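Colleague: Sequence below, structure please.
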Amino acid sequence: MMNRPTSLLLNAAHALDHLVLLVFASAVGTIATEFQIARWEDLMPYTAGAFIMFGIGSIPSGRLGDLWSRRKMMLVFFWGIGFSCLAVALTKTPIQLAIALTVLGGFASIYHPVGIPMLLKNSPRVGVTIGWNNLAGNMGIAIAAILTGFMVKYFGWRAAFIFPALMAMLMGVMFARLAPEEAEAPAKKKAEPHPIPRHITMRALVVMTVAATSGSLLFNFTTNGNNELLRERFTGIITDPAALGVLLAVIYSVSAFSQVIVGRLLDQIPMKPLFLCIVGSQIVLLALATQATGWALFFCALGYMAAIFGAIPFLDAVVVRYVDDRMRSRVAGIRIAISFGVSGIAVFLLGPIVKATGFETLLISMTLIACFTAFTLTWLPSERRIASAILRNQNQ
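Modeller: Next up is the predicted model:
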């Protein structure tokens with residue numbers, strides 16, 4: 001089992017990973033004003049490269065994690081995040097900003113296929129470990145909202161990138177000192193026979209990749225759009241950016257605890273009905289949010305973010321359940337590359353969709369995406385089918 005300081009740093013790295021990717025979305029209005037762009041929607045596509053790289057960069061990141069070293073890749077993550085955040089803070093034009101954010105997305109791509117398999121290796125309670133790790137990641141989203149709100153108000157948007165840059169470098173130094181050296185790369189370890197038949201494994205991974213892609217679309221639309229959604233629908237109630245940042249932080253902080261609950265449930269009850277129940281709640285809450293304003297919207301957002309966050313632990317649980325540790329980083333990297341690569345388009349489309357049709361159309365689209373996810377999950381192998389297939393394998 002991994003030592004506690006390393007586990008804590010890996011969880012903190014998850015928070016950092018999501019924090020740095022969402023500072024821009026929380027400060028986009030201010031940045032647009034400084035760069036003399038009339039509307040924030042017109043600047044939003046400039047961050048699409050970060051999310052596309054966050055996806056496709058997962059393939060080489062996962063491969064290097066398995067074949068080279070997960071520990072060394074995490075060190076690349078910390079220092080890469082640090083220097084690329086500083087680069088973003090130094091930009092002077094939208095094009096420079098887009099390039100720097102894309103580089104940042106490339107380094108951010110390392111964490112999910114490398115850090116999570118590193119954390120889950122030999123974990124006695126996988127669901128609980130996943131739940132707490134995902135809570136940490138989404139606390140990073142909450143911190144991004146409140147940190148950026150206060151930094152923008154008192155120090156400027158550039159400080160909102162400089163602060164996490166310094167934190168990343170400090171964490172890199174700590175990780176280098178505290179994380180134990182690996183005896184060998186994961187891929188070089190002796191293979192063990194997997195009890196679940198290959199055809200069921202492939203079906204589960206395909207279903208989860210499709211579900212992860214639609215789930216990532218919801219994740220990117222909401223986490224990148226919630227700030228401006230609240231700003232628009234709280235007009236006449238709250239206008240201060242710091243206050244709106246606090247509201248967003250409350251939404252993300254409270255809803256993130258759904259992942260701890262789901263993580264515990266994953267260790268106790270069947271995966272498929274639990275996942276379908278959570279996605280069903282996404283459909284209901286997103287539909288209600290289409291017409292909500294003011295405090296009604298706040299509570300709808302709290303609910304749909306809890307449901308969106310609560311779906312995330314399933315993706316890591318499937319990889320752990322169906323894939324041997326020797327190749328988990330590569331499989332996770334491919335799944336993330338597909339899901340986040342496709343969903344990176346959401347960030348590009350967010351501004352133009354809202355500018356052309358408003359947030360109501362966006363929320364309706366997200367409701368339909370959640371319906372598609374629910375349909376996809378009906379194809380996930382059931383616990384009974386898995387158990388009978390394992391039994392047949394053992395009797396052959």
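Colleague: Run through the helices of the stretch 1-150 of the chain in chain order.
Modeller: With DSSP state H, counting those that start in this stretch, the ranges of helices along the stretch 1-150 of the chain come out as 4-34, 40-43, 48-56, 58-67, 70-89, 94-108, 116-120, 126-154.
Colleague: residues of the first one that come out buried?
Modeller: For helix 4-34, a neighbour-count test (16 or more other C-beta atoms under 10 Å) marks 6-7, 9-32 as buried. Using the backbone N, CA and C atoms, a C-beta is placed for each residue, glycine as well.
Colleague: and if you look at stretch 276-286?
Modeller: Along stretch 276-286, these residues count as buried under the neighbour rule (16+ other C-beta under 10 Å): 278, 279, 280, 281, 282, 283, 285, 286.
Colleague: Could you tell me the angle between whichever strand or helix holds residue 298 and helix 126-154?
Modeller: Assigning secondary structure by DSSP states H and E places residue 298 in helix 294-310. For helix 294-310 against helix 126-154, the angle by axes from the mean of the first three to the mean of the last three C-alpha atoms, to 10 degrees is 140 degrees.
Colleague: which helices and strands does helix 294-310 pack with?
Modeller: For helix 294-310, the contact count by 3 or more C-beta pairs under 8 Å, 6 or more residues apart in numbering; DSSP states H and E identifies helix 198-233, helix 241-256, helix 258-266, helix 271-289 as packing neighbours.
Colleague: Check which residues of that helix are buried.
Modeller: Buried-residue list, helix 294-310, by 16+ other C-beta under 10 Å: 297-298, 300-310.
Colleague: lowest-pLDDT helix or strand in this protein?
Modeller: helix 383-395 (a mean of 65; mean pLDDT, DSSP states H and E).
Colleague: Can you report how many residues neighbour the closest residue to residue 221 other than its chain neighbours?
Modeller: In this structure, residue 221 finds its nearest non-sequential neighbour in residue 346, 5.0 Å apart by C-beta to C-beta, 6 or more residues apart in numbering. Around residue 346 there are 26 other residues, counting by other C-beta atoms under 10 Å.
Colleague: Residue 346 contacts residue 215, doesn't it?
Modeller: No. Between residue 346 and residue 215 there is no contact under C-beta atoms under 8 Å: 11.3 Å.
Colleague: got the phi/psi numbers for residue 372?
Modeller: phi -60, psi -40 (degrees, to the nearest 10).
Colleague: per-residue confidence at the closest residue to it other than its chain neighbours?
Modeller: Spatial nearest neighbour of residue 372, excluding adjacent residues (C-beta to C-beta, 6+ apart): residue 214 at 5.4 Å. Residue 214 carries a pLDDT value of 90.
Colleague: Pull the residues that contact the helix holding residue 298.
Modeller: If you take C-beta atoms under 8 Å, 6 or more residues apart in numbering as the criterion, helix 294-310 is touched by 134, 138, 215, 218-219, 222, 226, 229-230, 233-234, 237, 247, 250-252, 254-259, 261-262, 278-279, 281-282, 285-286, 288-289, 292.
Colleague: do the same with stretch 145-156
Modeller: 19, 22-23, 26-27, 30, 157, 159-160, 163-164, 227, 240-246, 248-249, 252.
Colleague: residue contacts, the residue nearest to residue 221?
Modeller: 51, 216, 217, 220, 221, 224.
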